[in-house]
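Asks: I'd like to go over a predicted model; first the sequence, then the structure.
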Amino acid sequence: MQISFLKIKQAPVDVNYSKDGVEIKGSLERIDRESVKLNSSFNSEVEVVCNRCGKEYKLKADYPLELILSDGGYNAKNEIDVIEFFGGSIDFDYLAFSEVTSIKEDYNLCSECQDATELLEVEF
Ligand SMILES: [Zn+2]
């Protein structure tokens, strides 16, 4: 799914993305000439690898996703993560992919290892 930057004017534009088990729902709001803000909730089940035992498991990801989406290069500093697009439109497939990738690269622990870690914490 792609949304042209030109389509996002003063009024927020609804986003309802759902593909390959990833849902991004919310709205896009114009900030200035170059950038818009995504206010959304991200929802997916991501196949991740446990950092402790190496087991693959499914992680339920469900959290608010706020991003600045920039039409071209973005130079100003912002507290919110910025994603730059260089084709004049917002590519939600790319956005979903980059979010899933960052979840996979996180430090993930499967439920057994999480329990084991909690036990260790109790013992010490
Ligand atoms: Zn594990």
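Replies: Happy to help now that I have it. Please read all numbers here as calculations on a predicted model, not as lab measurements. Numbering: from 1, shown residues only.
Asks: so how far is the ion from the most centrally placed residue in the chain?
Replies: By Cα atoms, centre = their mean, the chain has its centre lying nearest to residue 99, at 3.7 Å. Residue 99 sits 23 Å away from the ion, going by Cβ to the ion, to the nearest Å. For every residue, glycine as well, the C-beta is placed using N, CA and C.
Asks: Which of the three states applies to that residue?
Replies: helix (DSSP: H, G, I helix; E, B strand; the rest coil).
Asks: Can you pull the residues of this protein lying near the ion?
Replies: 50, 52, 53, 55, 110, 113 (Cβ under 5 Å from the ion).
Asks: In strands only, show me those residues.
Replies: Within the residues of the chain next to the ion, no residue falls in strands by DSSP state E.
Asks: any idea which of those has the most stuff around it?
Replies: Most neighbours among these, by other Cβ atoms under 10 Å: residue 110, with 20 neighbours.
Asks: Tell me the confidence at the closest residue to it other than its chain neighbours?
Replies: Closest residue in space to residue 110, ignoring its immediate chain neighbours: residue 50 at 4.0 Å, by Cβ to Cβ, 6 or more residues apart in numbering. As predicted, residue 50 sits at a pLDDT of 97.
Asks: From what I see, residue 50 and residue 107 are in contact.
Replies: No: judged on Cβ atoms under 8 Å, residue 50 makes no contact with residue 107 at a distance of 9.8 Å.
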